[in-house]
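K.L.:
Sequence unavailable; structure follows:
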């Protein structure tokens, strides 16, 4: 485990002294990401909010005992994942199966539908050119944002968590493996499947709008 | 030679830098000759960037205030 970064050490010291500004900035820095990650474990925004609030309370309760063996961020997100898992398990008993992600993570699903290649594996229905598109332009379309969020929601759960952490939150593969307890190869396979599905959605969107 | 279908399965290994030198060269040679696969790679990168700019909801004021209160009582 890396030594605690100096910024973290300063921040922890300020928090322990009861520095309100330090706490506010910590909450503002991580709240959105915590909420997004929590939402990959539980089935409603309300449940995610609850998990995040519980997490902050656990962070405060645990701060005195925080041993500085992992980064503050990793520590906070591990607390969230533990709470979210517990909550997710409890929810699973009451949520209908149809509302949960399908469990086909180990099925070998191609990145692109096979019908789009000829028998030599060359494109017969090639991808659209999207040279002029930028994320900023795409995200101006509110319906695309909603569609992407829905598609993320419908991914199998491990794919969903990995792609959210890697691509939406910008974490490194090492951080993701660490918090989700995955090995690097698994993480990469899950990321590949998730990205491939979301790319297909974006392509459909561009083709049909 | 690498087929287009194979390339679409290797794209994450490529972007993650998880290829041997030989695999990387084969991948890049295919890209150099195939505009459809270049378009595919471009779409994949666009997808990743778009996910990275999805808006996050700001913390609701009520929640922030409740947490701050909690922080105050924790201090004491």
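P.N.:
Nice, I can see it. Please read all numbers here as calculations on a predicted model, not as lab measurements. Numbering: from 1, shown residues only, chains lettered A, B, ... in the order given.
K.L.:
does any bit of the longest helix anywhere in chain A sit next to chain B?
P.N.:
Longest helix in chain A by number of residues (criterion: DSSP state H): helix A:184-208. Yes: with Cβ under 8 Å from any Cβ of the partner chain as the criterion, chain B is reached by helix A:184-208 at A:188, A:191-192, A:195-196, A:198-199, A:202-203. Where C-beta positions appear, they are placed from N, C-alpha and C, glycine not excepted.
K.L.:
residues touching residue A:5, list them.
P.N.:
residue A:71 (Cβ atoms under 8 Å, 6 or more residues apart in numbering or on different chains).
K.L.:
Look through chain B and tell me its longest helix.
P.N.:
If you go by DSSP H, chain B has its longest helix at helix B:35-52.
K.L.:
how about it: buried residues?
P.N.:
B:36-44, B:46-48, B:50-51 (16 or more other Cβ atoms under 10 Å in any protein chain shown).
K.L.:
Show me which of these is closest to residue A:15.
P.N.:
residue B:51 (31.2 Å; Cβ to Cβ).
K.L.:
That closest one: what's it in contact with?
P.N.:
So residue B:51 contacts A:148, A:163, A:167-168, A:198 (Cβ under 8 Å, 6+ apart).
K.L.:
which residues in the chain form helices?
P.N.:
Defaulting to chain A. A:6-16, A:20-39, A:45-63, A:72-92, A:135-139, A:142-154, A:157-163, A:173-180, A:184-208.
K.L.:
not quite, I wanted chain B
P.N.:
B:4-15, B:21-33, B:35-52, B:61-75.
K.L.:
Among the ones you listed, show the one with the smallest mean pLDDT.
P.N.:
In terms of mean pLDDT, the lowest-scoring of these is helix B:61-75 (a mean of 84).
K.L.:
What residues sit buried inside it?
P.N.:
Neighbour-count burial for helix B:61-75, counted by 16+ other Cβ under 10 Å, picks out B:63-64, B:67, B:70-71.
K.L.:
Ok, stretch A:182-199 next?
P.N.:
For stretch A:182-199, using 16+ other Cβ under 10 Å, the buried residues are A:182, A:187-199.
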